[in-house]
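>>> got a predicted model here, sequence first, then my questions.
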Amino acid sequence: MAQIKSQGTKYAILQCATKLFLEKGYTNAYVTTIANTLQISTGNLTFWFPTKEHILAEMMKELCAFQAQADAKKADKKYSLLIEYLFELAMFASVCEENPNIKDLLIASYTQPLPLAVIRANDTERSKRTFAEFCKEWSETEYIQAENVASGIECAMFMTENAQKLTLEQRVTSSLDAIMKVYEVPKDIRQSVLKEVMAMDYRSSGNHVFEEFYSFVEEKMKENYGKR
């Protein structure tokens, strides 16, 4: 197999892996499958990504970019950033309820060090914008500490197994409220925002979000590198 070492190959690996992760989950996706699909050697693949975890971390960077693009298109209204942030989490929880492969992918992202570091770094910066009104005196360290707690709550929300047998709505509501408490959002605002988020169609929207994400990765591949 040819040892193609170009940035185009790097992104082709990411595109192929993203598709495989979404279709089979992280656990059941194999580096050899990616290499064989692209007709490159595993040595060529590991030149760019030493481990599968490195690929997942890069995928999380792209997911963060996809989310940022979506945020930029939202109307600028009161608490719009907060509503969008919570709505995305509700969508992800809904997908985990219905799609075990996406659930496996998200749980892996939140439990492996490299992708988790990407998520936490991105969400710390996002939280500074989303919760600025409520955390005016916070330091960088306080935001980092808050995100460490919030990411744990998010991961727990994505897990569908629980002793209490909570419904999806109960799990999402309690988790989103807990995250807002971490960022000192007053109770009346929490209740108002939660009412709006839970009235939104996060279930059906969640069915399409990862399809849109893959299209985002695919288009980026075409724009930046063309055909390999």
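Happy to help now that I have it.
>>> and Ala65, how far is that from Asn122?
Here the criterion is Cβ to Cβ, to the nearest Å. By it, Ala65 lies 9 Å from Asn122. For every residue, glycine as well, the C-beta is placed using N, CA and C.
>>> which one's more surrounded, these two?
It is Asn122, of Ala65 and Asn122, that has more neighbours when counted by other Cβ atoms under 10 Å, with 18 against 15.
>>> is the more buried one in a helix, a strand, or coil?
helix (DSSP: H, G, I helix; E, B strand; the rest coil).
>>> would you mind finding the longest helix in this structure?
Determined from DSSP state H, the single longest helix within the chain is helix 202-225.
>>> for that one, buried residues please.
By neighbour count on 16 or more other Cβ atoms under 10 Å, the buried set for helix 202-225 is 202-203, 205-206, 209-210, 213-214, 216-217, 220-221, 225.
>>> only alpha carbons, please: show stretch 198-217 as CSV.
The C-alpha trace of stretch 198-217 is given here as CSV (Å, rounded to 0.1, in the frame of the first residue of the first chain):
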residue,chain,number,x,y,z
MET,A,198,-38.1,21.3,27.0
ALA,A,199,-40.8,22.7,24.7
MET,A,200,-38.5,22.5,21.8
ASP,A,201,-38.3,19.5,19.5
TYR,A,202,-35.0,18.2,20.7
ARG,A,203,-36.0,14.6,20.0
SER,A,204,-36.5,14.8,16.3
SER,A,205,-33.8,17.4,15.9
GLY,A,206,-31.3,15.0,17.6
ASN,A,207,-32.0,12.4,14.9
HIS,A,208,-30.4,14.7,12.2
VAL,A,209,-27.7,16.5,14.1
PHE,A,210,-25.0,13.9,13.5
GLU,A,211,-26.0,13.5,9.9
GLU,A,212,-25.4,17.2,9.5
PHE,A,213,-22.1,17.0,11.4
TYR,A,214,-20.9,14.3,8.9
SER,A,215,-21.9,16.5,6.0
PHE,A,216,-19.9,19.3,7.6
VAL,A,217,-16.8,17.2,7.8
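>>> mean confidence for it?
Here stretch 198-217 scores 88 as its mean pLDDT.
>>> and if you look at stretch 101-109?
96.
>>> centre of the chain to it, how far?
Once both centres are worked out by Cα atoms, centre = their mean, to the nearest Å, stretch 101-109 turns out to sit 10 Å from its chain's centre.
>>> got the contact list for that stretch?
The contact list for stretch 101-109, computed with Cβ atoms under 8 Å, 6 or more residues apart in numbering, reads 21-28, 56, 60, 92, 95-97, 115-116, 119, 155, 158-160, 210.
>>> of those residues, buried ones?
Neighbour-count burial (16+ other Cβ under 10 Å) applied to those gives 21-22, 25-26, 56, 60, 92, 95-97, 115-116, 119, 155, 158, 210.
>>> just the ones of those residues in helices?
Checked against DSSP H, the buried ones among the contacts of stretch 101-109 include these in helices: 21-22, 56, 60, 92, 95-97, 115-116, 119, 155, 158, 210.
>>> picking up where we left off before, would CSV of the buried residues of helix 202-225 with distance to Leu86 be doable?
As requested, the buried residues of helix 202-225 are arranged in CSV below (distance: Cβ to Cβ, whole Å):
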residue, distance to Leu86
Tyr202, 9
Arg203, 15
Ser205, 13
Gly206, 13
Val209, 14
Phe210, 18
Phe213, 19
Tyr214, 24
Phe216, 21
Val217, 25
Lys220, 27
Met221, 31
Tyr225, 35
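>>> which of those lies closest to Gln7?
Nearest to Gln7, judged by Cβ to Cβ, of the buried residues of helix 202-225 is Tyr225 at 6.7 Å.
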